[in-house]
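# I'll drop the sequence and a predicted model, then ask my questions.
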Amino acid sequence: MEVLILAILVGLAVAAVRARDLMASVAILGGYSLMMALLWCQMNALDVGFTEAAVGAGISTVLMLAALGRIGRREVGPTRAPLLRLPLLTMQQRLRRARHLSRQHHRSSAWGAILVCVLVGGALLYGTRDIPQVGASDSPANRAGSLAEYYVTKAPEEVGPANMVTSVLGDYRGYDTMGETVVIFTAALCVLMLLRQARVRRGDERDA
Amino acid sequence: MRELLQHLWSHYHYVIYVALMLIGLYAVLAKGNLVKKVIGLNILQTAVFLFYLAIGRHTDGTVPVTWVNRPDSIPYENPLPHVLMLTAIVVGVSITAVALALIVRIKGAYGTVDEGEILALDEAEGQGEG
């Protein structure tokens, strides 16, 4: 079962990266997130699965669609207005030049990227040499005496909730969770400031 | 060689995680479109989450929710990676949100969201002034 879902995930990931239409790409990514949520439930990580389904498949997709609504859905879109402002060159020349340089850039960066990917992949696979097999109960993370054992045996009586993930999230690692909310708050502020500026400027142009 | 293949076969979970991560990494590095880069980043992230969750697994494990009269042969899964990845998912969405807001602004300023075209425009701008 797990292998089947993993295979589907790989297929969806490739499709999302390859799709020419950004809207299709985002839709596929939503499906990918949902499959991922399913896989995590299958791996007994219910809380993670639910969060991924709500936040990863839900909010992320909505955010991406909202952004696409503002920037257009084609991957290589027709380039427009601000390109005109250059002195010396006509619009046609600028556009052609930008396209040309862009294409060159892509061609050279694709091979570089493949090289980097091969190197990183090789290093990661080399790193799996020392890793215990998935599900090994005597792995450093799971064996008797580990932090996990403490949480599993003590959390219900020390904190209360039946769900140990809740206990760890809200109590043992409470500061971590507080830091997380600070991150969300900061991100929300950033987005508001960035998009407000855009709106203010567009308003100015309309007035002028 | 035979040993290597045997090892990869026995650790096939990790091989697939690495493959997912590389797909994401490739998109981040090679794709010119900035939205595609964000999509790649999301894929890369989920691969890392998978890796963490795999570390905490027990073969016959069960959900880490108190189970009265649980037989000893069924251990709880390790709850710690679950908590860490919960936090990471939410932080990942924050990253996506900020990145997309920046992309919307870039589209406003340059009229394009293609990395190569943006660089070319910057370069042309510099030449025009010099």
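Yep, it's here. Residues are numbered from 1 along each chain as shown, chains lettered A, B, ... in the order given.
# Which SSE is immediately downstream of the lowest-mean-pLDDT helix or strand in chain A?
One helix or strand of chain A scores below all others by mean pLDDT, DSSP states H and E: helix A:91-127, with a mean of 77. Note on helix A:91-127: by DSSP states H and E, the next helix or strand toward the C-terminus is helix A:147-158.
# what about that following helix, average pLDDT?
On average, the pLDDT along helix A:147-158 is 82.
# Pull out the buried positions in that helix.
Neighbour counts using 16 or more other CB atoms under 10 Å in any protein chain shown place A:148, A:151-152, A:155-156 of helix A:147-158 among the buried residues. All C-beta atoms are positioned from the backbone trio N, CA, C, and that covers glycine.
# which strands and helices sit next to that helix?
helix A:164-167, helix B:79-110 (3 or more CB pairs under 8 Å, 6 or more residues apart in numbering or on different chains; DSSP states H and E).
# Pick the most deeply packed of the ones you listed.
helix A:164-167 (a mean of 24; mean count of other CB atoms under 10 Å in any protein chain shown).
# elements contacting the helix or strand just after it?
Once helix A:164-167 ends, the next helix or strand along the chain (criterion: DSSP H and E) is helix A:174-207. Packing partners of helix A:174-207 (3+ CB pairs under 8 Å, 6+ apart): helix B:79-110.
# and the helix it packs on, anywhere near chain A?
Yes: judged by CB under 8 Å from any CB of the partner chain, helix B:79-110 comes into contact with chain A through B:79-83, B:85-87, B:89-98, B:100-105, B:107-110.
# contact partners of stretch A:131-147?
A:148-149, B:10-11, B:13-14, B:54-59, B:61, B:75, B:78, B:80-81 (CB atoms under 8 Å, 6 or more residues apart in numbering or on different chains).
# again, only this time at 6 Å
A:148, B:13, B:54-59, B:78 (CB atoms under 6 Å, 6 or more residues apart in numbering or on different chains).
# Okay, now the unreliable bits of chain A?
Low-confidence segments of chain A, defined by pLDDT under 70: A:76-95, A:97-109, A:198-199, A:201-208.
# before we move on, the earlier item: how about CSV for the helices and strands packed on helix A:147-158, with distance to A:Arg20 added?
Shown next, in CSV, are the helices and strands packed on helix A:147-158 (distance: least, CB to CB, whole Å):
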stretch, distance to A:Arg20
helix A:164-167, 40
helix B:79-110, 18
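# For A:Tyr32, find the nearest of those helices.
With CB to CB, the closest approach to A:Tyr32 among the helices and strands packed on helix A:147-158 belongs to helix B:79-110: 13.4 Å.
# so after the closest one, what's the next helix or strand?
helix B:115-129.
# So what's the gap between that following helix and the chain middle?
Averaging C-alpha positions (CA atoms, centre = their mean, to the nearest Å) puts helix B:115-129 31 Å from its chain's average.
# That one vs helix B:79-110, what angle?
40 degrees (axes from the mean of the first three to the mean of the last three CA atoms, to 10 degrees).
# list the buried ones in helix B:115-129?
B:115-118, B:120-121, B:124.
# quick one: contacts for residue 42?
Assuming you mean chain A. Contacts of A:Gln42 by CB under 6 Å, 6+ apart are A:Glu2.
# Against A:Ala141, how distant is it?
Using CB to CB, to the nearest Å, A:Gln42 is found at 19 Å from A:Ala141.
# do B:Val38 as well
31 Å.
# Could you check which of these two has the larger neighbour count?
B:Val38 (25 against 16; other CB atoms under 10 Å in any protein chain shown).
# where's the more buried one, which helix or strand?
Counting by DSSP H and E, B:Val38 is found in helix B:34-55.
# Determine the set of other helices and strands touching that helix.
helix A:22-42, helix B:12-30, helix B:79-110 (3 or more CB pairs under 6 Å, 6 or more residues apart in numbering or on different chains; DSSP states H and E).
# In contact with B:Asn42, which residues?
So B:Asn42 contacts nothing (CB under 6 Å, 6+ apart).
# Need the pLDDT of it.
For B:Asn42, the predicted pLDDT is 94.
# ok, the closest residue to A:Val120 other than its chain neighbours - how many residues close by?
Closest residue to A:Val120 apart from its sequence neighbours, by CB to CB, 6 or more residues apart in numbering or on different chains: B:Leu25 at 6.3 Å. The burial count assigned to B:Leu25 is 21, neighbours taken as other CB under 10 Å.
# now A:Glu2
12.
# What distance do you get for it to chain B?
8 Å (CB to the nearest CB, to the nearest Å).
# how near is B:Ala30 to A:Leu29?
17 Å.
# Who has more neighbours out of these two?
Comparing B:Ala30 with A:Leu29 by other CB under 10 Å, the one with more neighbours is A:Leu29, at 27 against 21.
# List the residues that contact that one.
A:Leu29 neighbours (CB under 6 Å, 6+ apart): A:16, B:39.
# again, only using 10 Å
A:12-13, A:15-17, A:19, A:56-57, A:60-61, A:64, B:38-40, B:42-43, B:46 (CB atoms under 10 Å, 6 or more residues apart in numbering or on different chains).
# do A:Cys41 as well
Counted by CB under 10 Å, 6+ apart, A:Cys41 has contacts A:47-50, A:52-53, B:63.
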